[in-house]
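Peer 1: what would the 3D arrangement of this be:
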Amino acid sequence: MTSPHPEHGVEELCAAGAELYERALREGRVPGADAERAPCLVGFGLLHPAVADPGRLEPVAPVVALHRLLRRSGERIAHERRREERLAAAFEPLMRVGGHRTATADTPATTVLSGSQQINEAITEAMARASRELLTVQPHTHTGERRHTAEAVSLERDQALLDRGCRIRTLYQHTVRHSPTVLSRYEQLEGDVEARSLDEVTDRLIVVDRTVAFIPADRDGGLALEVRHPALLGFFGTTFDRLWRLADPMYPVAVHRPSLNGVTPRQQAVASLLVEGHTDAVIAERLGLNVRTARVHIAKLASTLGSGSRAQLGYLIGRSGILDQER
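Peer 2: Here you go, the predicted model:
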């Protein structure tokens with residue numbers, strides 16, 4: 001009697017599944033009967049019936065399977081984040097309720113801040129008490145008069161923090177790597193300050209001494225959450241550290257990723273999102289570009305790979321191996 005197939009996740013393929021998937025990749029297809037000892041491969045979407053011969057199974061390209069799985073993981077994370085926001089909104093008024101029957105902490109785990117003045121005052125107060133570090137993620141920069149006002153306040157706060165021996169680490173999107181405004185800002189600061197960049201970053205995040213964090217609570221920037229819960233702060237700090245290790249140095253010394261077979265790092269980022277099936281508008285938003293610029297990158301990518309259609313482009317991207325070099 002054959003023992004039942006053990007339950008496991010796709011990130012921990014069983015030995016039989018790994019062996020069969022590797023054989024399918026080498027040979028192009030395998031008999032359907034061979035998958036009976038590794039049914040997980042079909043369940044995970046790594047093997048599927050061949051169109052011309054349903055009795056045989058063909059492998060899904062690893063790069064396509066990986067990005068599909070990562071997209072699902074990202075959707076689950078986004079769902080949990082929306083749930084966190086709903087929970088915070090639901091419990092915020094309840095946390096104001098007093099009474100001797102409830103055990104209250106001296107400091108609330110989360111506080112809703114409303115309006116730019118209240119948000120900036122809370123950030124300024126937290127930074128004034130900082131003794132170690134400031135970690136920030138900046139997905140975009142302000143423009144016009146608002147930018148000049150925000151920069152003046154931010155520079156003064158940052159320099160005061162640096163003067164106390166603290167350090168500053170900031171993550172940007174790659175789109176600002178050559179921004180004169182951003183670079184000149186850092187040239188005005190004196191102290192232990194570094195900046196790095198990624199193709200994609202999270203929403204705005206400010207973490208002070210890993211004891212208090214500030215995150216957006218709406219899309220317009222009119223609401224923010226002040227977070228002091230140890231578990232959430234640990235999560236924010238770990239997320240920042242991991243993104244920081246993946247990011248490219250931008251200041252004080254810039255490091256540039258080399259092109260791969262004529263494909264630039266920006267085009268690699270576009271290719272990654274194309275394989276996931278995103279529209280031009282979504283790709284532009286995720287990478288901090290306008291739609292026209294995103295389409296220019298797509299056109300150049302198609303020209304480099306010799307693609308005549310968007311469907312063919314996705315296939316050529318998977319076959320080219322350019323995504324294997326992503327960090």
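Peer 1: the lengthiest helix in the chain - what's its average pLDDT?
Peer 2: The longest helix of the chain (DSSP state H) is helix 62-91. For helix 62-91, the mean pLDDT works out to 83.
Peer 1: give the buried residues for it.
Peer 2: Judged by neighbour count (16 or more other Cβ atoms under 10 Å), helix 62-91 contains these buried residues: 63-65, 67-68, 88. Where C-beta positions appear, they are placed from N, C-alpha and C, glycine not excepted.
Peer 1: please apply the same query to stretch 248-256.
Peer 2: For stretch 248-256, burial by neighbour count (16+ other Cβ under 10 Å) applies to 248, 250-251.
Peer 1: coming back round to it: toward the C-terminus, what is the element adjacent to the longest helix of the chain?
Peer 2: Going down the chain from helix 62-91, the next helix or strand is strand 110-114, by DSSP states H and E.
Peer 1: got the buried residues for that following strand?
Peer 2: 110-113.
Peer 1: what's the closest of these to Glu121?
Peer 2: Relative to Glu121, the closest of the buried residues of strand 110-114 is Leu113; by Cβ to Cβ it sits at 8.6 Å.
Peer 1: wait, doesn't the closest one sit right on Gly222?
Peer 2: No - Leu113 is beyond contact range of Gly222, at 9.5 Å (criterion: Cβ atoms under 8 Å).
Peer 1: which of the helices and strands in the protein ranks last by mean pLDDT?
Peer 2: In the chain, the helix or strand scored least confidently by mean pLDDT, DSSP states H and E is helix 144-163, which has a mean of 71.
Peer 1: now the strands for this protein?
Peer 2: 30-31, 47-49, 56-59, 110-114, 133-138, 167-173, 192-198, 205-208, 212-216, 223-227, 248-251 (DSSP state E).
Peer 1: make TSV from the ones you listed and add mean pLDDT and distance to Asp241 to it.
Peer 2: Output for the strands of the chain, formatted as TSV (pLDDT from 0 to 100; distance: least, Cβ to Cβ, whole Å):
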stretch	mean pLDDT	distance to Asp241
strand 30-31	90	42
strand 47-49	86	37
strand 56-59	88	35
strand 110-114	90	22
strand 133-138	94	9
strand 167-173	91	9
strand 192-198	89	12
strand 205-208	95	10
strand 212-216	94	14
strand 223-227	93	17
strand 248-251	86	15
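Peer 1: ok, which of the ones you listed comes nearest Ala281?
Peer 2: Closest approach to Ala281 among those is made by strand 167-173 (16.7 Å; Cβ to Cβ).
Peer 1: and for that closest one, what's in contact with it?
Peer 2: 132-140, 158, 161-162, 182, 189, 191-201, 240, 243-244, 247, 250, 287-288 (Cβ atoms under 8 Å, 6 or more residues apart in numbering).
Peer 1: report the angle between the axes of it and strand 133-138?
Peer 2: Inter-element angle recorded for strand 167-173 and strand 133-138: 10 degrees (by axes from the mean of the first three to the mean of the last three Cα atoms, to 10 degrees).
Peer 1: okay, the angle between strand 167-173 and strand 192-198?
Peer 2: If you take the same axes, to 10 degrees, strand 167-173 sits at 20 degrees to strand 192-198.
Peer 1: off-centre distance for strand 167-173?
Peer 2: How far strand 167-173 lies from its chain's middle: 15 Å, per Cα atoms, centre = their mean, to the nearest Å.
Peer 1: need the max-distance pair from the buried residues of strand 110-114.
Peer 2: Counting by Cβ to Cβ, the most remote pair of the buried residues of strand 110-114 is Thr110 and Leu113, 10.1 Å apart.
Peer 1: who touches both of the two?
Peer 2: Joint contacts of Thr110 and Leu113 (Cβ under 8 Å, 6+ apart) are 225-226.
Peer 1: ok, now how distant is Pro139 from Leu287?
Peer 2: 11 Å (Cβ to Cβ, to the nearest Å).
Peer 1: looking at these two, which is more packed in?
Peer 2: Taking other Cβ atoms under 10 Å, Pro139 and Leu287 do not tie; Leu287 has more neighbours (21 against 18).
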